[in-house]
Structures are given as C-alpha cells and as structure tokens.
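Engineer: sequence first, predicted model second:
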Amino acid sequence: MFNNYAYLYVEDDPMSREIMQITLQDVMGVSDLVMFADSQNIMDRVHALSTAPDVIFLDIHIEPYSGIEILQMLKEDTAYEQSKIIAVTASVMNEEIETLKQSGFDGAIGKPIDVRKFPALVEQILNGKWVWEVT
C-alpha cells in the first residue's frame, strides 16, 4: 500500500532522518523517498523532484523556513493540493498543536516516532482521517 506513494521528509536532525528512512523503507516498503536536511530554496527543490510528493512530512522547527511556512507555500501551489502534509514535531504543547491544526496540516505525529504505530497513523491520514498523535 505505502509503496504507491512518493514521500518527502524535510528534517534538519540527522537521527530523525535516519529513523524515518528506516521506518519508511525497511518497515513500510517505501521506495520513492526524498529527504531534505534544511528548507533553503524549498519550493525550487520540491519543484525539481522527478515526482511530486504525495505525502510530505515537515519538521516544524527547521530553518530558514519553518514547517508552518513551508506548509503555506505548498498550499499556495496547485501542484500539491492533493498531497497529504503531516507535521512531525517534538512540540506537544496544546497551543502548538492547535496552531498546527489551524494552519492546515493533515495531521501531526510526535517525535521520536513510534515505529510500531507509525504505519497505521500514516495509513489513517492517507485514508482522509485527521491524526494528531503527538503524546
């Protein structure tokens, strides 16, 4: 199921990228995965991808553009209107989660990710359910 989609993960923490890569590729069988270590020239880099990502995971606290700023840029581009955009964050304060919801994310998954729960959470989001698994 998961291999039918193209994935993008924007994350500045090397350990988080490694865990996500292992989870998506080894556990979930994903073959189309691109990772960016920062958000410099983000839209130029996203447009340059050979396949538009169907699922985009955004770290919230990344520079120079935050995950929320990247979300807004993606939402303004019709090429990504069908993409599922998921916040991946260690920020679990209630007001921060409310900000993520109001910003338009399709869900949020807390870091560190729980490899056992992660596939089911992604599947729910792909099926149109809002998921806020940040605790």
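Structural biologist: Arrived safely. Numbers count the residues shown, from 1 in each chain.

Engineer: give the contact list for Asp54.
Structural biologist: 5-7, 82-84 (CB atoms under 8 Å, 6 or more residues apart in numbering). C-beta here means a position set from N, CA and C on the backbone, and glycine is covered the same way.

Engineer: in this protein, mark out all the strands, start to finish.
Structural biologist: 7-10, 33-36, 55-59, 84-89, 107-110, 131-133 (DSSP state E).

Engineer: what average pLDDT does the shortest one get?
Structural biologist: In this model, strand 131-133 has a mean pLDDT of 86.

Engineer: could you pull out the helices for the protein?
Structural biologist: 14-21, 42-47, 67-75, 94-103, 118-126 (DSSP state H).

Engineer: just the buried residues of the contacts of Asp54.
Structural biologist: Those of the contacts of Asp54 that meet the buried threshold are 5-7, 83-84, by 16 or more other CB atoms under 10 Å.

Engineer: and the furthest pair within the residues you listed?
Structural biologist: Farthest-apart pair in the buried ones among the contacts of Asp54 is Ala6 and Lys84; separation 11.2 Å (CB to CB).
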